[in-house]
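1. The following block contains a protein sequence and its predicted model.
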Amino acid sequence: MRRTLYLKFVLAYLIFGLFGFLIVTFFVPRVTRDYLIREKAEDLYAEASLISSTYAGGLYSSETSLENVELQLSVLAVYMNSEIRVINPSGRIVIDTTNQPPVDQVVTIEGFDPAFTTGTYYSIGNFFGSFDREVLTVLAPITTDYSIHGYVVIHADMAHIEQTSNMMLSICYITLVILFLLSLIILIFFTQLVYIPLRRITKAAEQYADGNYHYEFQVDSEDEMGYLAACLQFMSGTIATQEDDQKKFIANVSHDFRSPLTSIRGYLEAMLDGTIPPEMHEKYLGVVLNETDRLTKLTNGLLTLNNLNTKGMRLELSDFDINQVIRDVAASFEGTCRKKNIAIELRLTGEDLFVTADKSRIQQVLYNLTDNAIKFSNPDSVIKIETNIQKNKLFVSVKDSGIGIPKEDIGQIWTRFYKSDLSRGKDKKGTGLGLSIVKEIIAAHGENINVISTPGEGSEFIFSLPFAPEDDF
Ligand code: ADP
């Protein structure tokens, strides 16, 4: 079996991890670094502006001494972890909180251009070569009376920003690893709840496809997987039963065909080799004819059953008078009844009684039931056929006072080929198909048939039929 689904899921999991890693490696550092620089630059710029308008301004208006301003800026620089400079427009460093030039020495920043931040309020670099490392620089002019006297320049070491950025990146990596491990839970859930049951179901489906319908498997969950497994098991169970039924059916058919054929062959051979003398031929030919009758009946029964399929049976529904159909069926048995001195008594409700059903199939039901009633009745008895209405439903009953059906057989009489032991003596030609045909026809109409029987006293078969809509008459 190919394990593609699992591989796909694991692959998706790995892709998830890989993308997470790529994002954390390439995207997060840039965004965090930019953010930290911007934040820091904003803070420094605000500070620079404040210094330029306070201490530094005082320096140029000679309100505060150089030493005083230098001291205050040094304290601030330590506090802000940065270097603060006051630079003249020419580039001369007036104050530098880290390397304060001696009073008698002029230290100038070569090429100083206050417009170096072009467009933003900060820049990153070595500030005109005055640093041997990268620094973040912000600059605020010191103005009085609309003229610029100098600049407050604050430098922050980029190494600090990089350090913070790296620390945040480490946090991201740790979070990613935790998330990756946590999402393993999803993989485990998928394996337990979907993949393993699915493999069992697939394996079972393969077994069923190979015809092993008795293969058993277990999926305990009560979710869609469990339902799917239960449906599959139910389906295989049904197919298995059908297969068993079919085997039984074929065994029965073969058996029922073989016995008349064996006896026909036996009689014919005996006639041919002279075991049965010519003067007896007529008698035994009669027996042979009887056997062929049985075969014909069996074939017809099988054909009818084959055409009847409860789900697929096509009924030709019409509205007809059931009373009339009963009268006709009873009349067709007149000859048989006379031979056994049996009377058929009709107790019909009303003159006519219209039902909606397949007329020829219902005729067959009545025929089979009446035929059985006569077959299993004792001579000189009465068979009653009744129609009556109960609770707005029409019931037809065929009742005899014959041999009856033993309790243990009642459940089986509807099964194909079933013949009770009691009946075998009375009915040698029986095929055991009559009642299964009856049952299927009634079921196809969506109606019911029942039997009440007492051995030695008789049987009554009762089935229901749907009334025809009253508007039709
Ligand atoms: P068959 O064609 O052999 O009569 P059925 O399917 O019609 O087959 O009947 C099956 C079995 O049910 C019969 O063999 C008999 O044992 C029993 N049976 C059916 N109808 C009656 C009846 N009216 N009285 C007693 N037994 C009956």
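-> Thanks, I have the structure now.
2. Please, where are all the strands along the stretch 1-150 of the chain?
-> Remark: strands assigned in the stretch 1-150 of the chain by DSSP state E, counting those that start in this stretch are 83-87, 93-96, 122-125, 135-144, 147-157.
3. nearest to residue 170, of those strands?
-> Smallest distance to residue 170 across the strands of the stretch 1-150 of the chain (CB to CB): 19.9 Å, for strand 147-157. Where C-beta positions appear, they are placed from N, C-alpha and C, glycine not excepted.
4. Give me the sheet partners of that closest one and which way each runs.
-> Its sheet considered, strand 147-157 pairs with strand 83-87 (antiparallel), strand 135-144 (antiparallel) by DSSP bridges.
5. Mind putting those strands into JSON lines with distance to residue 344?
-> Below are these laid out as JSON lines (distance: least, CB to CB, whole Å):
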{"stretch": "strand 83-87", "distance to residue 344": "126"}
{"stretch": "strand 135-144", "distance to residue 344": "117"}
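6. okay, those, which one's buried deepest?
-> Burial of the strands paired with strand 147-157 is given as mean neighbour count (mean count of other CB atoms under 10 Å); strand 83-87 ranks first at a mean of 25.
7. ok, for residue 190, nearest residue in space, not its chain neighbours?
-> Nearest non-adjacent residue to residue 190, counting by CB to CB, 6 or more residues apart in numbering: residue 9, 5.8 Å away.
8. show me what contacts that neighbour?
-> Residue 9 makes contact with 187, 190, 195 under the criterion CB atoms under 8 Å, 6 or more residues apart in numbering.
9. do the same with residue 181
-> By CB under 8 Å, 6+ apart, the contact list for residue 181 is empty.
10. What helix or strand is it located in?
-> Here residue 181 sits within helix 158-182, counting by DSSP states H and E.
11. Next secondary structure after that helix?
-> Heading C-terminal from helix 158-182 (DSSP H and E), you reach helix 184-189.
12. quick one: contacts of that following helix?
-> Residues from elsewhere that reach helix 184-189, judged by CB under 8 Å, 6+ apart: 9-10, 13.
13. same check, this time on stretch 339-349
-> By CB under 8 Å, 6+ apart, stretch 339-349 touches 323, 326-327, 330, 333, 336-337, 370, 374, 377, 379-389.
14. Inside strands: which ones of the residues you listed?
-> 382-389 (DSSP state E).
15. could you pick out which of those residues are near the ligand?
-> Filtering the ones in strands among the contacts of stretch 339-349 for proximity to the ligand by CB under 6 Å from any ligand atom leaves nothing.
16. Around the ligand, which positions in the chain sit nearby?
-> Near the ligand, when you scan the chain using CB under 6 Å from any ligand atom, you find 368, 372-373, 376, 400, 402-405, 413, 418-420, 423, 427, 430-436, 459.
17. if you set the cut-off to 5 Å instead, what comes out?
-> With the criterion set to CB under 5 Å from any ligand atom, the chain comes near the ligand through 372-373, 376, 405, 413, 419-420, 423, 430-432, 434-435, 459.
18. Run through the stretch 301-450 of the chain and note the low-pLDDT ranges.
-> For the stretch 301-450 of the chain, applying pLDDT under 70 flags the ranges 309-313, 421-429.
19. Okay, helices next: where are they in it?
-> Here the stretch 301-450 of the chain has its helices, by DSSP state H, counting those that start in this stretch, at 322-332, 334-340, 359-375, 407-410, 421-424, 434-444.
20. Now render the ones you listed as a markdown table, adding mean neighbour count.
-> Shown next, in a markdown table, are those (neighbours: other CB atoms under 10 Å):
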| stretch | mean neighbour count |
| --- | --- |
| helix 322-332 | 18 |
| helix 334-340 | 11 |
| helix 359-375 | 21 |
| helix 407-410 | 13 |
| helix 421-424 | 14 |
| helix 434-444 | 21 |
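21. Just give the nearest non-adjacent residue to residue 292, would you?
-> Closest residue to residue 292 apart from its sequence neighbours, by CB to CB, 6+ apart: residue 264 at 7.0 Å.
22. OK, contacts around the one you found?
-> Contacts here follow CB under 8 Å, 6+ apart; on that basis residue 264 touches 288, 291-292.
23. ok so, going back, what two of the residues of the chain next to the ligand have the greatest distance between them?
-> Farthest-apart pair in those is 431 and 459; separation 18.4 Å (CB to CB).
24. closest to residue 70 out of the strands paired with strand 147-157?
-> Minimum separation from residue 70 across these (CB to CB) falls at strand 83-87, 8.6 Å.
25. State the number of residues packed around residue 392.
-> When neighbours are counted by other CB atoms under 10 Å, residue 392 registers 6.
26. returning to that earlier point: out of the helices of the stretch 301-450 of the chain, which gets nearest to residue 395?
-> Residue 395 lies closest to helix 322-332 among these, at 10.5 Å (CB to CB).
27. Measure how buried the closest residue to residue 162 other than its chain neighbours is and give me the count.
-> In space, and not counting its chain neighbours, residue 162 is closest to residue 33: 7.4 Å by CB to CB, 6+ apart. Neighbour count of residue 33, defined by other CB under 10 Å: 18.
28. which ones are touching residue 33?
-> Contacts for residue 33 (CB under 8 Å, 6+ apart) come out as 161-162, 165.
29. at 10 Å instead, please
-> Taking CB atoms under 10 Å, 6 or more residues apart in numbering, we find residue 33 in contact with 158, 161-162, 164-166, 168-169.
30. Among the residues you listed, which one sits closest to residue 253?
-> Residue 253 lies nearest to residue 169 out of the contacts of residue 33, by CB to CB, at 81.7 Å.
31. Next, count neighbours for the nearest residue to residue 154 once chain neighbours are set aside.
-> Closest residue in space to residue 154, ignoring its immediate chain neighbours: residue 44 at 4.5 Å, by CB to CB, 6+ apart. Residue 44 is flanked by 25 other residues according to other CB under 10 Å.
32. do you know how far residue 44 is from residue 339?
-> 126 Å (CB to CB, to the nearest Å).
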